[in-house]
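Visitor: Just the structure for this:
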Amino acid sequence: MSVTPNVSPTNPANTLGLNYRAEAKNLPWTGPIVDIHLHLNSVEAARMFFQAADAYNVQKVVAMSRISIVDDLKAEFGDRIEFNAVPDFSQRDKEETFTTQWLRDIEAFAVRGCRLCKFWAAPRGRDFSPHLLLDAPIRLEAMKLARSLGMAFMVHVADPDTWFATKYKDANKYGSKASQYEPLERLLDEYPDVPWIAAHMGGHPEDLDHLQQLLDRHPNLHLDTSATKWMVRELSKHPRKLKAFLLKNPGRILFGSDIVASADNIDFDLYASRYWALRTMFETDYAGPSPIVDPDLHMVDPSLPEDSTAQLRGCELDPALLKTIYHDAATRFFERLENRKKE
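Guide: Residues are numbered from 1 along each chain as shown. Modelled structure (predicted):
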C-alpha cells in the first residue's frame, strides 16, 4: 500500500501531510467498526470526532465521559454511543472523586444503561491517589457494586516498557512491570463470571507471549487495541507474530483507539490519524513512517529528534478476521455479559 503525502499542512498528528478523508477511501475494509475505547469530553469535540468516525466507518463507540455530560452526549448522538463508567478525573484533587462519589457515579452510569466500568490503575496513579491501586479497598467495593449492577470491567494495569525505563525507574514507588499483573490475575480469578477487557493490549504489546499466557489462564479476559502510538510502535515490530496472535485468539481482541476528543483539541486530523494508523496496520501491507509524532522515541533515545515517528508495518489481515476484531468481538463481549445477567 502506498500513500499520497504532503497534500495538506503538517502537524504532530499528520507529519506526512495526508488527506485523511481521501486516504480512508483507499482502505480495504468497508464494513462497520465498533470502537470500544475512547474519550469524549465535550459535545462540541464529539461533533468533530464523529466526522472522523464517519470517514473511517466507525459506526458505534463506547466512550469514557464524565457523568455530567453523558445525558447531553446521548441526546445528540443517541445509540451511536454507549458509555464506560469512569470517575471525573477533572476533580481528582477531591478524595471523594475516587471514593464515595465514585460509588454514586457508578450507580448513575448504570441508571443510564452503562454496561462497562473502567478501573484505571496505571502506575502513575500512585502520584495522586492511593485509591487508584487496582486492589485498593474502595476499588474492591466498586467492583462488587459494578458486578451487582450487571457491568463488565475494563482495566488499565500497565504502561509502555519505555515508561518503565524512564518515568517509572523508581521501582520502590511504582513497582516492576511484572508486578502490575499480580492483582489483575487475582481479581480475574475472583470474578470469573465477569467479562474483562485489559486495555491497550493488556498493557503489554511488547510481549505477545505474556499476553497469550494471560488469555490462556483467564477465559474471561479480553484485550483492546487502544493507545495508537504505543500499538503502532510495538506491534509493527513483528507483524507476522501479531497476525498469528490475532488468528489464535478470535473474539478475544476488540478494536479500540483511545482517541481523546476534548474542547481544547478539536482537530479532525488528530482523531482521523488514529483510525488511519490502526486500520492501515491491520488491513494493509504498508511499510513506512507513521504520521503521528511519538514522544517516547526521543524520551528513550534523546539523540532522536523530538518529532520522531515510529515505523508502521501492516499485517494485512483477511476480511473474516477483520470483521471479528472490528465488530463481532464487541458484539459477543456484550452478549456474554447479557447472558450472565440471565443466569
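Visitor: any weak-confidence spans in the stretch 101-250 of the chain?
Guide: Across the stretch 101-250 of the chain, nothing is flagged by pLDDT under 70.
Visitor: how about the strands in it?
Guide: Using DSSP state E, counting those that start in this stretch, the strands of the stretch 101-250 of the chain run over 116-120, 152-156, 196-198, 221-224.
Visitor: Out of those, the one nearest residue 329 is which?
Guide: Residue 329 sits nearest to strand 221-224 of all these, at 7.3 Å, using C-beta to C-beta. Every residue, glycine included, has its C-beta placed from N, CA and C.
Visitor: In terms of secondary structure, what does that closest one contact?
Guide: strand 196-198, helix 199-202, helix 208-217, strand 253-254 (3 or more C-beta pairs under 8 Å, 6 or more residues apart in numbering; DSSP states H and E).
Visitor: Tell me the helices and strands packed up against the second one.
Guide: When you say that, I think you mean helix 199-202. Using 3+ C-beta pairs under 8 Å, 6+ apart, helix 199-202 is in contact with strand 152-156, helix 208-217, strand 221-224, helix 228-235.
Visitor: do the same with the shortest one
Guide: With contacts defined as 3+ C-beta pairs under 8 Å, 6+ apart, strand 253-254 has these neighbours: strand 33-40, strand 221-224, helix 329-342.
Visitor: from the chain's centre, how far out does it sit?
Guide: 10 Å (C-alpha atoms, centre = their mean, to the nearest Å).
Visitor: So what touches that strand?
Guide: Strand 253-254 is contacted from outside by 34, 36-37, 197, 201, 222-225, 246, 325, 329-330, 333, using C-beta atoms under 8 Å, 6 or more residues apart in numbering.
Visitor: Mind doing that once more with 10 Å?
Guide: Residues outside strand 253-254 that contact it (C-beta atoms under 10 Å, 6 or more residues apart in numbering): 34-37, 62, 154, 197, 199, 201-202, 211, 215, 222-226, 245-246, 321, 324-333.
Visitor: Show the buried residues in these.
Guide: 34-37, 62, 154, 197, 199, 201-202, 211, 215, 222-226, 245-246, 321, 324-330, 332-333 (16 or more other C-beta atoms under 10 Å).
Visitor: coming back round to it: format the helices and strands packed on helix 199-202 as a markdown table; extra columns: distance to residue 14.
Guide: Below are those laid out as a markdown table (distance: least, C-beta to C-beta, whole Å):
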| stretch | distance to residue 14 |
| --- | --- |
| strand 152-156 | 27 |
| helix 208-217 | 29 |
| strand 221-224 | 24 |
| helix 228-235 | 13 |
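Visitor: closest to residue 113 out of these?
Guide: Using C-beta to C-beta, those put strand 152-156 closest to residue 113, at 13.2 Å.
Visitor: now that closest one against helix 329-342, angle please.
Guide: Calculated by axes from the mean of the first three to the mean of the last three C-alpha atoms, to 10 degrees, strand 152-156 forms an angle of 130 degrees with helix 329-342.
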